[in-house]
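In: pasting the sequence and the predicted model now:
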Amino acid sequence: MKNSISIFIFLIFSLHTNAQWTSLGTGITASPRAVWGMSIPDSSTIWAMTWNDGTFTPTKNFTISTDGGQTWTPKVATGIPTSQYFNLVFAQDAERAWITTSNISNPLAGSVYRTIDGGDTWNIQSTAFSESLEAPNIIHFFDENNGITVGTSYGDSNYARISVYITLDGGDLWFKVGQNNFPPLESDEEISIYHSTGLYDVVGNTIWVTSTSGKVFKSEDKGITWTVSEPDNLPNVSEFIPSIAMKDELNGILTYSNGNIGFRTTDGGLTWEEIDLPSQSAASVGMIDYVPGTEGTYMIQPHYAHNDTRTLLTLNDGEDWEVIETPEKVTTLRFLSPSLSFGGGRILGPDNGGVYKWEGENLISSIRKVVKDSDSQVSVFPNPTNHVLNLEYAKQTNVQAVEIKDCMGKTVYSKNDLLGSSPSSINIEDLPIGLYYLHIASKEEVVVKSFVKSSLN
């Protein structure tokens with residue numbers, strides 16, 4: 001038999017060659033359209049907003065699914081001026097959602113809208129971004145009552161400034177955060193308009209927001225007071241930071257808008273170190289997302305380029321990256337777990353393109369410590385077997401995923417999101433005769449056990 005360590009390494013990394021997005025459609029017949037912003041409050045509910053990516057003009061088309069993308073209810077937003085672009089959507093459930101809109105024509109203008117009837121009607125929030133020459137982009141609710149919206153304001157000056165409004169009562173009233181709650185701002189220190197998913201991230205009560213001048217603003221009290229940091233050695237071309245993803249309160253990665261450059265923090269954004277990304281990768285103007293439940297897995301998709309099919313993946317907090325070619329053109333993504341993610345792209349028809357679901361390998365098995373067969377505390381028997389494979393654990397094991405792969409690394413059995421339930425047996429009677437590798441993934445490790453499916457009774 002081949003060297004077991006080599007086989008384990010092959011099995012762990014071979015999964016990335018099978019990356020796959022499956023189109024779920026949107027139900028939208030208008031064309032040309034592309035999914036511009038998405039919000040996924042749970043695994044069943046998906047809100048997807050669009051824009052006209054042919055003429056780069058606003059649209060009012062959006063769509064909702066309440067069954068994980070199997071069926072869609074396309075709608076047209078009413079009560080919103082035709083000149084207003086959808087910026088970002090934040091959904092609380094299938095009925096309640098918020099959107100921000102903007103128009104960067106002269107004068108700058110934008111508003112916050114809310115729906116409580118599944119998008120049938122939208123009502124402007126008159127106390128949010130209520131002043132002249134200002135427009136919101138980011139909107140987020142930390143809980144039912146506490147929310148924040150962030151954007152750009154010109155006010156009575158001739159340069160842009162960051163503006164923040166917060167609500168304490170679920171959005172009935174919004175209050176503008178004073179400039180004295182910010183560190184000193186430079187001229188034209190603003191939040192990007194016309195750029196949606198990825199400009200901010202939240203962990204608990206802490207929010208990180210990127211600016212067009214290469215800085216990261218941070219609030220640890222739901223948007224009331226702010227600090228700022230700036231990655232060193234940013235190129236002197238454009239300093240727009242299009243996307244940030246935080247794994248926890250301390251660790252995260254951001255992308256940069258020009259060139260294959262990323263930055264990583266291990267102290268919550270106080271300092272940033274440059275990390276190398278593959279040349280000609282999807283990093284330029286890329287959307288980055290952390291994969292929840294993993295040690296350090298992040299994915300980057302190209303945000304604007306609908307003809308770019310590259311995906312950038314790291315399993316170890318940005319130390320190493322792999323460029324993956326996929327046939328699908330996904331430009332917006334949001335991971336809910338190592339095995340479940342949704343993405344957005346160009347709508348090719350009511351049942352084609354638009355919203356995608358991750359159907360690639362479960363990423364949880366790629367980021368755990370690998371335990372060799374002889375060193376593991378999991379027994380599988382009988383071996384060989386032709387019907388049932390029994391599992392016995394020498395210690396308490398909270399299993400998160402179980403997979404069986406054949407000798408070529410193809411997954412032939414997969415069960416994810418086990419929520420700590422450790423299976424005691426697996427029925428393998430439908431597998432062809434041959435050698436297989438069982439992957440048992442817990443939070444700490446992946447146990448890989450070999451077994452033979454035989455013809456014996």
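Out: Looks like it came in fine.
In: show me how the protein divides into domains.
Out: 21-364, 369-453 (automatic domain parsing).
In: quick check, central residue of this protein?
Out: Centroid-nearest residue in the chain: R334, 2.5 Å away (criterion: C-alpha atoms, centre = their mean).
In: so that one sits in a strand?
Out: Yes - counting by DSSP: H, G, I helix; E, B strand; the rest coil, one finds R334 located in a strand.
In: tell me what it is bridged to.
Out: Beta-bridge pairing of R334, defined through DSSP bridges, involves F342.
In: got the contact list for it?
Out: With contacts defined as C-beta atoms under 8 Å, 6 or more residues apart in numbering, the neighbours of R334 are 38, 40, 197, 289, 341-343. Any C-beta I mention is one placed from the backbone N, CA and C, and that applies to glycine too.
In: likewise for T397?
Out: By C-beta under 8 Å, 6+ apart, the contact set of T397 is 377-378, 422, 440, 442.
In: and which of those is nearest D143?
Out: Nearest to D143 among the contacts of T397, counting by C-beta to C-beta, is S442 at 30.9 Å.
In: how far away is the closest one from S422?
Out: S442 sits 9 Å away from S422, going by C-beta to C-beta, to the nearest Å.
In: now for the contacts of T397: which two are most distant?
Out: Of all pairs in these, the most separated under C-beta to C-beta is Q377 and S422 at 12.0 Å.
In: common neighbours of those two, please.
Out: Overlap between the neighbourhoods of Q377 and S422 consists of 393, 397, taking contacts as C-beta under 8 Å, 6+ apart.
In: more neighbours: those two, which one.
Out: Neighbours per residue, other C-beta atoms under 10 Å: of Q377 and S422, the larger number sits with S422, 16 against 12.
In: surely the more buried one touches L391?
Out: Yes - using C-beta atoms under 8 Å, S422 makes contact with L391 at a distance of 7.5 Å.
In: ranges for the strands of the stretch 1-150 of the chain?
Out: Here the stretch 1-150 of the chain has its strands, by DSSP state E, counting those that start in this stretch, at 21-25, 34-39, 46-51, 61-65, 73-76, 85-91, 97-103, 109-115, 123-124, 134-141, 147-153.
In: now swap in the stretch 201-350 of the chain and tell me
Out: Taking DSSP E, counting those that start in this stretch as the criterion, the stretch 201-350 of the chain carries its strands at 206-210, 216-219, 227-229, 243-246, 252-255, 261-265, 273-276, 286-290, 298-302, 310-314, 322-325, 330-337, 340-349.
In: using PDB, write out every CA atom in the fourth one.
Out: Written as PDB, here are the backbone C-alpha positions of strand 243-246 (Å, rounded to 0.1, in the frame of the first residue of the first chain):
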ATOM      1  CA  SER A 243     -13.900  43.700   1.500                       C
ATOM      2  CA  ILE A 244     -13.100  42.600   5.100                       C
ATOM      3  CA  ALA A 245     -13.800  39.300   6.900                       C
ATOM      4  CA  MET A 246     -13.200  38.700  10.600                       C
END
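In: for it, enumerate the helices and strands it packs against.
Out: strand 200-203, strand 206-210, strand 252-255, strand 286-290 (3 or more C-beta pairs under 8 Å, 6 or more residues apart in numbering; DSSP states H and E).
In: just put these in a markdown table and tack on mean pLDDT, mean neighbour count and distance to A34.
Out: Written out in a markdown table, the entries for those read as follows (pLDDT from 0 to 100; neighbours: other C-beta atoms under 10 Å; distance: least, C-beta to C-beta, whole Å):
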| stretch | mean pLDDT | mean neighbour count | distance to A34 |
| --- | --- | --- | --- |
| strand 200-203 | 94 | 19 | 21 |
| strand 206-210 | 95 | 23 | 22 |
| strand 252-255 | 92 | 26 | 20 |
| strand 286-290 | 86 | 25 | 13 |
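In: indicate which one of those is closest to T71.
Out: Taking C-beta to C-beta as the criterion, T71 comes closest to strand 286-290 out of these, the separation being 25.2 Å.
In: wouldn't E325 be in contact with T309 here?
Out: Yes - taking C-beta under 8 Å as the definition, E325 is a contact partner of T309 at 5.9 Å.
In: who has more neighbours, the two?
Out: Counting neighbours by other C-beta under 10 Å for E325 and for T309 shows that T309 has the greater number, 17 against 9.
In: can you pull the contacts of that one?
Out: 325-329.
In: how about G147?
Out: Contacts here follow C-beta under 8 Å, 6+ apart; on that basis G147 touches 98, 139-141, 166-167, 170-171.
In: most neighbours out of the residues you listed, which is it?
Out: Note: the member of these with the most neighbours is I139, at 27 neighbours, neighbours being other C-beta under 10 Å.
In: dump the strands of the stretch 1-150 of the chain to TSV, plus distance to T397 and mean pLDDT.
Out: Converted to TSV, those look like this (distance: least, C-beta to C-beta, whole Å; pLDDT from 0 to 100):
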stretch	distance to T397	mean pLDDT
strand 21-25	31	91
strand 34-39	35	90
strand 46-51	33	93
strand 61-65	35	97
strand 73-76	42	97
strand 85-91	36	91
strand 97-103	40	92
strand 109-115	45	93
strand 123-124	51	95
strand 134-141	36	92
strand 147-153	40	92
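In: which among those is found nearest to S211?
Out: Go through the strands of the stretch 1-150 of the chain one by one with C-beta to C-beta and the one that ends up closest to S211 is strand 147-153, at 9.6 Å.
In: what pairs with that closest one, and is each one parallel or antiparallel?
Out: Strand pairing for strand 147-153, determined by DSSP bridges: strand 134-141 (antiparallel), strand 161-167 (antiparallel).
In: so for P350, which of those strands sits nearest?
Out: Nearest to P350 among the strands paired with strand 147-153 is strand 134-141; the distance by C-beta to C-beta comes to 28.0 Å.
In: quick one: that closest one to chain centroid distance?
Out: 18 Å (C-alpha atoms, centre = their mean, to the nearest Å).
In: that strand vs strand 34-39, what angle?
Out: 50 degrees (axes from the mean of the first three to the mean of the last three C-alpha atoms, to 10 degrees).
In: may I have strand 134-141 exported as PDB, CA atoms only?
Out: C-alpha atoms of strand 134-141 as PDB (Å, rounded to 0.1, in the frame of the first residue of the first chain):
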ATOM      1  CA  GLU A 134     -25.700  62.300   2.200                       C
ATOM      2  CA  ALA A 135     -26.400  58.600   1.300                       C
ATOM      3  CA  PRO A 136     -26.100  55.300   3.300                       C
ATOM      4  CA  ASN A 137     -24.600  52.100   2.200                       C
ATOM      5  CA  ILE A 138     -24.000  49.700   5.100                       C
ATOM      6  CA  ILE A 139     -26.900  48.600   7.300                       C
ATOM      7  CA  HIS A 140     -26.800  46.000  10.100                       C
ATOM      8  CA  PHE A 141     -28.800  45.000  13.100                       C
END
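In: what angle do it and strand 85-91 make?
Out: 20 degrees.
In: give me the angle between strand 134-141 and strand 97-103.
Out: Strand 134-141 and strand 97-103 are oriented at 160 degrees to each other (the same axes, to 10 degrees).
In: quick one: the strands in the stretch 351-457 of the chain?
Out: Assigned by DSSP E, counting those that start in this stretch, the stretch 351-457 of the chain shows strands spanning 352-358, 369-371, 378-381, 388-393, 399-406, 411-416, 425-427, 434-442, 445-453.
In: all good on my end, thank you.
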